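**Q** Turn this into a model:
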Amino acid sequence: MYAPGHLGELTQTVDFALVDAVIEETGSREKRLRLLPSRVVVYFVLALALFEDCSCPGVWGKLTAGLEGLPLVRPAVSSLSRARRRIGAAPLRRLFEILAGPVAHLGQAGSFYRGLRTVAVDGTLLHVPDEKALTWRYPKRVGESLEFGYPLLRLVVLVECGTRAVLAAAFGPESDGELTYAGRLLSALDRTMLLLADAGFDAAEFARDVHATGAQLLVRSSARRIPTPFRHLDDGSYLARIGYGVLPVLLTVRVIEASITVTLIDGTVRTEQWRLFTSLLDRPPTQLPGSLSSTTSGGSRRRRTFRSRRRCWTAVSCAPAA
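**A** You can find the predicted model right below:
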């Protein structure tokens, strides 16, 4: 049975039996009868992530909104905080390990390219409370003489394209870069996957480590990388090797260069030069997957819609780089 209200929305995916099993496995079961048993606390922490703009009492109210008429407990904020400390992180970590993973069925639109499951990696920064209990781990940014801003946590996530299902995640202090955390996610890759990434992930070492998992890679190259072609292909792309001075064995990649014109919804037009490199050596660039496939060769024009947190733009026309 599913519980009503927002609790029911959670229990459709994370049912009571699973939560109880995880609590038992991690030794987080309460030792005596409590008003806030461990199962309830797990669902409360999950609800905190869904309603991140609400206070703890507000989240509790949303979680139990469908249970009106029952003799419900309305715990104080201090009681909720103590309950979270009591169960610790172990049951939530184990729950994530069980539930994280791809969900798209074979061939689902937006999730597969020529039999390969498309996944993407990217990172973001999150504010954490400015408290001594946290700043030893997540320090503030420091200028010449002053600290400023809130402490920052860096989060890097591997997701399945098309469904946004989370496959793996890593986080820690901002002082470590995205590549550091991305390296911790590679165990979630396998030979059935194609990894898409932006320019911050074009390091030769990262490409080598992705290759070692058996997965394929398509990444936007940074402007600083200027590969030297050793073989030009008929479609306008070329083969090059990366890793000079870094890798004991150079990696061969296919490089696609294109000029992209982006028209924003406010009418602003911007043209950029893009360079992609991929481990897919036998696929023409006009068949590359995902939003990056708009960088096609041969002067073709495609219309796509790109979305981000802050803006949406359409009408991307692509032409081969001169």
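**Q** Sketch out the low-pLDDT regions of the chain for me.
**A** 1-8, 69, 283-322 (pLDDT under 70).
**Q** partners of the longest strand seen in it in the sheet?
**A** Assignment by DSSP state E gives strand 251-264 as the longest strand of the chain. With DSSP bridges as the test, strand 251-264 is paired with strand 238-242 (antiparallel), strand 269-278 (antiparallel), strand 312-320 (antiparallel).
**Q** nearest spatial neighbour of residue 212, skipping sequence neighbours?
**A** For residue 212, ignoring the flanking residues on the chain, the nearest one in space by Cβ to Cβ, 6 or more residues apart in numbering is residue 186 at 8.0 Å. Yep, even glycine has a C-beta here, placed from its N, CA and C like the rest.
**Q** and that neighbour, what is it in contact with?
**A** By Cβ atoms under 8 Å, 6 or more residues apart in numbering, residue 186 lies in contact with 209, 210, 212, 213.
**Q** mind running it again at 7 Å?
**A** 209, 210, 213 (Cβ atoms under 7 Å, 6 or more residues apart in numbering).
**Q** circling back to that earlier point, chain center to the longest strand of the chain, what's the gap?
**A** 22 Å (Cα atoms, centre = their mean, to the nearest Å).
**Q** what comes up buried for that strand?
**A** 251, 253, 254, 255, 256, 257, 258, 260, 262 (16 or more other Cβ atoms under 10 Å).
**Q** tell me which of the residues you listed is nearest to residue 55?
**A** residue 262 (40.2 Å; Cβ to Cβ).
**Q** Would you check that that closest one makes contact with residue 274?
**A** No - between residue 262 and residue 274 there is no contact under Cβ atoms under 7 Å: 10.5 Å.
**Q** Show me where the stretch 51-200 of the chain has its strands.
**A** 112-113, 116-127, 141-142, 147-148, 152-160, 166-173, 193-197 (DSSP state E, counting those that start in this stretch).
**Q** what packs against the last one?
**A** For strand 193-197, the packing partners by 3 or more Cβ pairs under 7 Å, 6 or more residues apart in numbering; DSSP states H and E come out as strand 116-127, strand 216-220.
**Q** tell me the most buried of the ones you listed?
**A** strand 216-220 (a mean of 23; mean count of other Cβ atoms under 10 Å).
**Q** CA atoms of that one as CSV?
**A** What follows is strand 216-220 as a C-alpha-only set of coordinates in CSV (Å, rounded to 0.1, in the frame of the first residue of the first chain):
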residue,chain,number,x,y,z
GLN,A,216,32.8,5.8,-25.3
LEU,A,217,33.4,9.6,-24.9
LEU,A,218,32.1,12.7,-26.6
VAL,A,219,33.4,16.0,-25.0
ARG,A,220,33.5,19.6,-26.0
